[in-house]
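Asker: build me a structure from this.
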Amino acid sequence: TLLARNFCKFVNLPLSFSTRGSKDERSNSEEIQASKNLPDLVPFQGNVRDELTEKCLQKPGGRGMVVMPTGSGKTRTMIETLFEEIFQSQKWPINIVWIADREELCEQAFQSFKEVFVNLTQKRREEFEQNDMKIPSSLHLHRYWGGRDLQIKLGKNGTLGVFGVVVTSVQQLQARMKNNMDEFLVIILNSEFIVVDEAHRNIDYVDELNANLKQDNPNCVMIGLTATPMRRDSMETGLLREIFEGTYISPISGAENNIELMKEELTNLGILAKKIDVEYQEFIDNSKFANLNPEIAYQGKTIQLIDHVIGLGAKSILVFTRDLTDARVIASYLRMKEVPIIAEHLESGTNIDIRRNMIQEFRNGNVQVLLNFAILTTGFDAPKTDAVLICRPHLDEYDSVFQQMVGRGLRGHEFGGTHTCFVAHLKDY
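Answerer: Okay, here's the model as predicted:
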């Protein structure tokens, strides 16, 4: 309520304390009109587009895995590649299904489809008209996650289907397979292109989906996206290769299975920010916390780490905490210091409008420290983030979730981000 929000502002508490729960007012579908420009794909993204088109999109039932580090624009590259192929081949209306691992990623893809469609239709319309080729004037884009339903229509050929782009989540499709198989089959059988974002995170499900397509929709093209193709389990790595038929595509030749080499090359190009590791052992004073409960001591060390990177010059700090309590306590403490630090925290119950506002304020620089637990690991875009603090002592640094967290701060200056990013993993417990 307004009263709760005003009270939090008055006592300088994080806005997240003013509400619990949210109602998502976003519509289930939108019709997108064309009218806006985006910068062209840079050369390394163009290489991915060309190779993906040739090896996968132009082959019935094509399979491929696009390997691009977080921050290098793999969502934009994938969507533009799809639209370019569809426009050039004059395949319209289209049936694309985009599957993401969580709702933040779904909304990110939804917005990217809007921007790229508007951009391409504006740029290419004159060229297409000169060659007597048609280009669509609108796109039906469907939100199909969080329990939403789809409006299934009768197509010109007399079959039921959903036309346009369906952005959905793994969780939603799994639920529909169990509770409404007819709806699930209509979506899958109707699709011409399926893209699975973060394909490495749900390997068993992707394998099952692949089997369904092979049997019921063999001409459908399926593309996986990942920033971390190599799994710690060699069987999982082998299964991913089998599903995507060994076709791995990356922006750096020869780096399909060497993500560190790819990061190094893209850092040199300014696509990724240079990662500066912060060794917390050099400045955290353990003697201050010797007689404290370990839980409280860890919160104190997290605050020391935040103070330290601020002293190094960090202005936009993203903190991943152990749990909700840490996020709440630390955000409140920072705001109540003698010299306050504007901090906010996000959690799953944060009202969706407040969440959007907090993220925008963080992007704008009005919030200096944004704390969260398991919310912003993927699908979060704040290019000016110049410090990422991972305050989860038991998280393995080789875990893909850890790599996703680090990637939140690695948007390089060539992509509107930063030249450098401080990164610390507070393992001392």
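
Asker: quick one: the strands in the stretch 101-250 of the chain?
Answerer: Secondary structure of the stretch 101-250 of the chain, counting by DSSP state E, counting those that start in this stretch: strands at 138-144, 153-154, 160-161, 164-169, 193-196, 221-226, 248-249.

Asker: my error: substitute the stretch 251-400 of the chain in the last question.
Answerer: With DSSP E, counting those that start in this stretch applied, the stretch 251-400 of the chain shows strands at 274-277, 317-320, 343-346, 369-372, 387-390, listed in chain order.

Asker: buried ones in the first one?
Answerer: By neighbour count on 16 or more other C-beta atoms under 10 Å, the buried set for strand 274-277 is residue 275. In short, each C-beta sits where N, CA and C put it, glycine included.

Asker: that one packs against which elements?
Answerer: Where contact means 3 or more C-beta pairs under 8 Å, 6 or more residues apart in numbering; DSSP states H and E, strand 274-277 is packed against strand 420-425.

Asker: output the contacting helices and strands for the strand it packs on.
Answerer: Partner elements for strand 420-425 (3+ C-beta pairs under 8 Å, 6+ apart): strand 274-277, helix 294-311, strand 387-390.

Asker: now the second one: buried residues?
Answerer: Looking back up the chat, that one is helix 294-311. Of the residues in helix 294-311, 297-306, 308-310 count as buried by neighbour count, 16+ other C-beta under 10 Å.

Asker: now do the same contact list for residue 275.
Answerer: By C-beta atoms under 8 Å, 6 or more residues apart in numbering, the residues touching residue 275 are 267, 406, 410, 420, 421, 423.

Asker: for it, name its beta-bridge partners.
Answerer: residue 421 (DSSP bridges).

Asker: and stretch 48-62, average pLDDT?
Answerer: Mean pLDDT, stretch 48-62: 95.

Asker: before we move on, the earlier item: closest to residue 103 out of the strands of the stretch 101-250 of the chain?
Answerer: Proximity to residue 103 (C-beta to C-beta) singles out strand 164-169 among those, at 6.4 Å.

Asker: what sits up against the closest one?
Answerer: Applying C-beta under 8 Å, 6+ apart, the contact partners of strand 164-169 are 29, 93-103, 105-106, 109-110, 113, 139-146, 150, 187, 191.

Asker: try it again with 6 Å
Answerer: When contacts are defined by C-beta atoms under 6 Å, 6 or more residues apart in numbering, strand 164-169 is touched by residues 96-100, 106, 109-110, 113, 139-142, 144-145.

Asker: from residue 88, how far out is residue 411?
Answerer: Taking C-beta to C-beta, to the nearest Å as the measure, residue 411 falls 30 Å from residue 88.

Asker: of the two, who's got more company?
Answerer: The residue with more neighbours, out of residue 411 and residue 88, is residue 411; 25 against 13, by other C-beta atoms under 10 Å.

Asker: how about the contacts made by the more buried one?
Answerer: Contacts for residue 411 (C-beta under 6 Å, 6+ apart) come out as 71, 383, 417.

Asker: which one (most neighbours) among those residues?
Answerer: With neighbours taken as other C-beta under 10 Å, the top of the contacts of residue 411 is residue 71, carrying 25 neighbours.

Asker: torsion angles phi and psi at that one?
Answerer: phi 100, psi -10 (degrees, to the nearest 10).

Asker: contacts only, for it.
Answerer: Neighbouring residues of residue 71 by C-beta under 6 Å, 6+ apart: 272, 407, 410, 411.

Asker: the same query, at a cut-off of 7 Å, please.
Answerer: 272, 407, 410, 411, 412 (C-beta atoms under 7 Å, 6 or more residues apart in numbering).

Asker: next: residue 249.
Answerer: 48, 51, 52, 55, 64, 65, 66, 67.

Asker: helix, strand or coil for the fifth one?
Answerer: At residue 64, secondary structure determined by DSSP: H, G, I helix; E, B strand; the rest coil is strand.

Asker: over to the fourth one?
Answerer: Classification of residue 55 by three-state DSSP places it in helix.

Asker: does it touch residue 247 like I think?
Answerer: Yes: between residue 55 and residue 247 a contact is recorded at 5.5 Å, counting by C-beta atoms under 7 Å.

Asker: name the residues contacting each of those two.
Answerer: What both residue 55 and residue 247 touch, as defined by C-beta under 7 Å, 6+ apart, is the set residue 64.

Asker: run the chain-centre distance for stretch 281-295.
Answerer: On the basis of C-alpha atoms, centre = their mean, to the nearest Å, stretch 281-295 sits 35 Å off its chain's mean C-alpha point.

Asker: gap between the two ends of it?
Answerer: Length of stretch 281-295, first residue to last, C-alpha to C-alpha, to the nearest Å: 18 Å.

Asker: show me which residues of it are buried.
Answerer: With burial defined by 16+ other C-beta under 10 Å, the residues of stretch 281-295 counted as buried are 284, 289.

Asker: what distance do you get for the residue in the chain sticking out farthest from the centre to residue 333?
Answerer: Computed with C-alpha atoms, centre = their mean, the residue of the chain farthest from its C-alpha average is residue 291, at 40.9 Å. Here residue 291 is placed at a distance of 19 Å from residue 333 (C-beta to C-beta).

Asker: so where's this structure uncertain?
Answerer: 1-36, 154-160, 229-233, 377-379, 400, 429 (pLDDT under 70).

Asker: can you pull out the helices in the stretch 251-400 of the chain?
Answerer: Under the criterion DSSP state H, counting those that start in this stretch, helices of the stretch 251-400 of the chain are mapped to 259-268, 294-311, 324-335, 352-364, 400-407.
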